[in-house]
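Enquirer: Take a look and give me a structure for this.
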Amino acid sequence: MANQKQMLTPREASRILGISYPTIKNWILSGRLKTSTTPGGHHRLSFASLKPFIEKDARKSEVESRERYRRVSGRNQLAGKVVSLRVVGLLAEVVLAVGDARVTSIITAEAVREMGLKKGDPAAALIKSTDVMIERLDEESL
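Expert: Numbers count the residues shown, from 1 in each chain. Here you go, the predicted model:
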């Protein structure tokens, strides 16, 4: 087996390829992606085994390529096309068509101007969900 320091975990490989961890596990288990196993039975991948996937992706158009996923830390990205753009004061409502679905985002008008965003442009919604819950405490709890 190759030197362990040169090998990647499936999670590291999924980040390099810009795909989800479940997808890479599926590729490994189906035999689409060859791995070595550690003495403990964990899968490891060489960077060379990823090259064909990276090269194939590089031949795709910018909109279809996963390259942009490798430039942004967020993985929950929905690529689509701007179907509606409305700027009011400091804010803008941007609606993307993603397949048959619509994704609406409120961003700053300045961001729209900086990106030169207009109706018909390809764009991606990057989803970062944060939950904040509030619990009322009694005074003596503090």
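Enquirer: Show me which positions of stretch 30-47 end up buried.
Expert: Buried residues in stretch 30-47, defined by neighbour count with 16 or more other Cβ atoms under 10 Å: 33, 35, 43, 44, 45, 46. To be clear about C-beta, it is placed using only N, CA and C from the backbone, and glycine gets the same treatment.
Enquirer: I'd like to know which of those are part of helices.
Expert: The helices, defined by DSSP state H, take in nothing from those.
Enquirer: tell me which of those is nearest to residue 6?
Expert: In terms of Cβ to Cβ, no member of these lies closer to residue 6 than residue 46, at 6.8 Å.
Enquirer: is the closest one in a bridge, and if so with what?
Expert: Here residue 46 shows beta-bridge partners residue 7, assigned using DSSP bridges.
Enquirer: list the contacts for it?
Expert: Residues near residue 46 by Cβ atoms under 8 Å, 6 or more residues apart in numbering: 2, 6, 7, 8, 36.
Enquirer: Give me the distance between it and residue 16.
Expert: 12 Å (Cβ to Cβ, to the nearest Å).
Enquirer: which residues do those two both contact?
Expert: Common neighbours of residue 46 and residue 16 (Cβ under 8 Å, 6+ apart) are residue 8.
Enquirer: how about residue 94, secondary structure?
Expert: Using DSSP: H, G, I helix; E, B strand; the rest coil, the structure places residue 94 in strand.
Enquirer: just to revisit the earlier point, filter the contacts of residue 46 down to the buried ones.
Expert: Among the contacts of residue 46, those that count as buried by neighbour count (16+ other Cβ under 10 Å) are 7, 8.
Enquirer: Quick one: the strands in the protein, in order.
Expert: All strands of the chain, identified by DSSP state E, fall at 7-8, 36-37, 43-46, 77-88, 91-98, 101-108, 122-126.
Enquirer: got a list of contacts for the first one?
Expert: Under the criterion Cβ under 8 Å, 6+ apart, residues 16, 36, 44, 45, 46, 47, 50 lie in contact with strand 7-8.
Enquirer: In the residues you listed, find the pair that's most separated.
Expert: 16 and 36 (16.6 Å).
Enquirer: Just give me the closest of the contacts of residue 46 to residue 119.
Expert: When the contacts of residue 46 are compared for distance to residue 119 (Cβ to Cβ), residue 8 wins out at 41.1 Å.
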